[in-house]
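Colleague: My questions are about this predicted structure, shown below with the sequence.
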Amino acid sequence: NPVWFLDLVKRTIRSNHNAIVFFEVPNARLILDDFSPWDVIYEHCSYFSVESLRTAFERAGFTVLRTEETYRGQFITIEAKLSAEGVQQAEQAVEELGKSIQAFAKDLKGFLARWQSLVDGWHEAGKKVAVWGAGAKAVGFLNMLGRVEFIEHVVDINPHKHGKYLAGTGQKVISPEALVEVGVDVLLLMNPIYGEEVSAQIKELGIEAELVTAI
């Protein structure tokens, strides 16, 4: 219950009326409009658009000072302070969000089928497929995809993840340097924001692979 949680925050700072709170959450609009089901994961018990996040804060007794979409729209930040004002409903925005949710649910099955077909095709052609990025997006992608045996490795630059295994599907996490040894033909990039960086890194390592953004 996000409003209950925010009410707890309000009671914690009620003696300081000048206190400003800051939160950052995933952007549900981006997930729905850019069709990114890999971002729907167990760690996120709630999802918000700018409008619904603002409404939650207002219902809990805050005045919203500023909202902003950050990280190329992947997250929403909000700044707020204590207030006695009520909720300012954004009915049109809420209606549009409802339509986006319905469309997302309707199209999900076909979207997954297209990705399964792509991976099946690469496997039949004898191509090695790996995933770049051992974070939440990779966990969501591989668990939804259901093609565990066709993707053996997940690459990550974080040395603390090397030698570990991905939750749910069990792919081993390896370093970019180890990818050179095991070989790869198709590299699935989980976050497009790192496209240029990853492209430069695999070029420097001498890896000749097709880089495909998994969205």
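Modeller: Structure's in. What do you need?
Colleague: how about whichever helix or strand Thr77 is part of: buried residues?
Modeller: For Thr77, the enclosing helix or strand under DSSP states H and E is strand 75-82. Of the residues in strand 75-82, those buried by neighbour count under the rule 16 or more other CB atoms under 10 Å are Ile76, Thr77, Ile78, Glu79, Ala80, Lys81, Leu82. Every C-beta, even on glycine, is put in place using the N, C-alpha and C of the backbone.
Colleague: and if you look at stretch 165-179?
Modeller: Under 16+ other CB under 10 Å, the buried positions of stretch 165-179 are Leu166, Thr169, Gln171, Val173, Ile174, Ser175, Pro176, Leu179.
Colleague: can you redo these as TSV with pLDDT, distance to Gln201 and secondary structure?
Modeller: Listed next are the buried residues of stretch 165-179 as TSV, based on pLDDT from 0 to 100; distance: CB to CB, whole Å; DSSP: H, G, I helix; E, B strand; the rest coil:
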residue	pLDDT	distance to Gln201	secondary structure
Leu166	93	20	coil
Thr169	93	24	coil
Gln171	93	20	coil
Val173	97	16	strand
Ile174	96	14	strand
Ser175	96	11	coil
Pro176	95	6	helix
Leu179	93	10	helix
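Colleague: May I ask which helix or strand of this structure has the lowest mean pLDDT?
Modeller: Taking all helices and strands of the chain together, the one with the lowest average confidence (mean pLDDT, DSSP states H and E) is helix 91-124, at a mean of 86.
Colleague: Relative to Val50, which of the buried residues of strand 75-82 is nearest.
Modeller: Within the buried residues of strand 75-82, the smallest distance to Val50 is 5.7 Å, found for Ile76 (CB to CB).
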